[in-house]
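K.L.:
Sharing a model that was predicted from the sequence below.
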Amino acid sequence: MKHMLCALLLCCLCPAFYAQEAKNAPESGGHRGISAGDDFVYRANQPGDRLFNVALMGKLPLRPPMKQLRGGGALTLGYMRFIDGFVALGGEASFSYNATVGSNVFYAIPLVFKAAAEPVYRKFEFPLALGVGGAFEIYNGLLYFGFAVKPEAGVFYRLAHNWSLGVHGACTVMPQWYSDKNQNFTGVFVDAGLTLRYHF
């Protein structure tokens, strides 16, 4: 009889013990966040989070007009690091081309430092960024390196913990300044395309 009572007592206490342990155990899995008392707050991005991105885009000239320069394409590689859950800093390199009506090709290689703010709603992310740096411009055997500025915006969907896919648009402004001010010119290009991002 004593043995039976002991067994019943153990059966009652063990589930309660394991339930308490499970309640106190840290949450794990594919979601990251911070503990706030007994609550678990999900955050898509946290301080120190980083991401690589690759983008394929179509590129259209606003200046010079399309009667002089046709549409083209661009490939972009970038890296960003979040300094908090909202602001990120990093850099980006692009390679783009546009054909001319004279069957030549204009190449541009902008290299910019970027600052971005990234609001998040559920699994959607809305980065707004500004890039400032320089660009190599190559046309008809001539090379020019000058200032470049690139504002951009996008919409991304978090496919998984480490991956997001979205669309983005940007405007690249590349002025050319010469000692003869009559030769000064500012090129303006818009691009839009698909971007894949890897978060880690």
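P.N.:
All right, it came through fine. Numbers count the residues shown, from 1 in each chain.

K.L.:
and the nearest residue to residue 153 once chain neighbours are set aside, what does it touch?
P.N.:
Distances taken as Cβ to Cβ, 6 or more residues apart in numbering place residue 128 nearest to residue 153, at 5.2 Å, with adjacent residues excluded. Where C-beta positions appear, they are placed from N, C-alpha and C, glycine not excepted. Going by Cβ atoms under 8 Å, 6 or more residues apart in numbering, residue 128 touches 116, 117, 118, 152, 153.

K.L.:
Going through those residues, which ones are buried?
P.N.:
Buried members of the contacts of residue 128, scored by 16 or more other Cβ atoms under 10 Å, are 116, 118, 152.

K.L.:
could the contacts of residue 128 go into TSV alongside secondary structure?
P.N.:
Listed next are the contacts of residue 128 as TSV, based on DSSP: H, G, I helix; E, B strand; the rest coil:
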residue	secondary structure
116	strand
117	strand
118	coil
152	strand
153	strand
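
K.L.:
what's the closest of those residues to residue 182?
P.N.:
Nearest to residue 182 among the contacts of residue 128 is residue 152, at 31.8 Å by Cβ to Cβ.

K.L.:
could you list every residue that touches that closest one?
P.N.:
Counting by Cβ under 8 Å, 6+ apart, residue 152 touches 127, 128, 129, 130, 131, 168, 169, 170, 171.

K.L.:
that older thread, with pLDDT added, can I get the contacts of residue 128 in JSON lines?
P.N.:
JSON lines is the format used below for those (pLDDT from 0 to 100):
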{"residue": "116", "pLDDT": "97"}
{"residue": "117", "pLDDT": "96"}
{"residue": "118", "pLDDT": "95"}
{"residue": "152", "pLDDT": "96"}
{"residue": "153", "pLDDT": "97"}
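
K.L.:
Quick one: end-to-end distance for stretch 78-96.
P.N.:
15 Å (Cα to Cα, to the nearest Å).

K.L.:
for stretch 174-191, that is, sorry about that
P.N.:
14 Å.

K.L.:
thinking again about what came up before, any chance of the buried ones among the contacts of residue 128 in CSV, with distance to residue 177 too?
P.N.:
Shown next, in CSV, are these (distance: Cβ to Cβ, whole Å):
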residue, distance to residue 177
116, 28
118, 33
152, 24
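
K.L.:
Could you give the number of residues near the residue nearest to residue 47 when sequence neighbours are not counted?
P.N.:
Using Cβ to Cβ, 6+ apart and skipping the chain neighbours, the partner closest in space to residue 47 is residue 84 (5.1 Å). Neighbour count of residue 84, defined by other Cβ atoms under 10 Å: 11.

K.L.:
Could you do residue 134 as well?
P.N.:
14.

K.L.:
before we move on, back to that, ok, the residue nearest to residue 47 touching residue 49?
P.N.:
No - with contact defined as Cβ atoms under 8 Å, residue 84 does not reach residue 49; the gap is 9.8 Å.

K.L.:
ok, back up a step: for the residue nearest to residue 153, which residues make a bridge with it?
P.N.:
residue 117, residue 153 (DSSP bridges).

K.L.:
what about the strands in the chain?
P.N.:
Shown for the chain, the strands assigned by DSSP state E span residues 33-36, 39-42, 50-63, 69-82, 87-100, 105-117, 120-121, 124-125, 128-139, 142-158, 163-176, 185-199.
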